[in-house]
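**Student:** got a structure for you, letters missing:
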């Protein structure tokens, strides 16, 4: 029981911290200006975007640890609901981060026609 509680807490902490780091570092925020968008799709930002997409996927998959231990810690009723919600959250979160990373991959590997002319110096 103690290991299940620790694993549940570890999964929640990893999800929260990983998501916060990935969201704050992955893309531009606040007011969208041409200079900010140009920097975001520029060559200097591609590595950061790739790494943060993987951090986001890892954080989303940490919810599977929560789903695995939820029923043990919370009992049959509340644990079953949290288990299902965590599984759906992990699935949707990982898919969303893969989509976000996919845009960066498309900009990095695509030819000049798929990149905005003003965005790539």
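**Tutor:** Now that the structure is in, tell me what you want to look at. Since the structure is predicted, the reported quantities are computational estimates derived from the model, not experimental observations.
**Student:** I'd like to know which elements the host helix or strand of residue 88 is packed against.
**Tutor:** Using DSSP states H and E, residue 88 sits within helix 76-109. The criterion is 3 or more CB pairs under 8 Å, 6 or more residues apart in numbering; DSSP states H and E, and the helices and strands that helix 76-109 contacts are helix 2-26, helix 46-74. (Glycine included, C-beta is placed from N, CA and C.)
**Student:** Make TSV out of those helices and add mean pLDDT, mean neighbour count and distance to residue 102.
**Tutor:** Output for those, formatted as TSV (pLDDT from 0 to 100; neighbours: other CB atoms under 10 Å; distance: least, CB to CB, whole Å):
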stretch	mean pLDDT	mean neighbour count	distance to residue 102
helix 2-26	88	15	13
helix 46-74	88	19	8
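**Student:** In TSV, list those along with distance to residue 35.
**Tutor:** Converted to TSV, those look like this (distance: least, CB to CB, whole Å):
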stretch	distance to residue 35
helix 2-26	18
helix 46-74	17
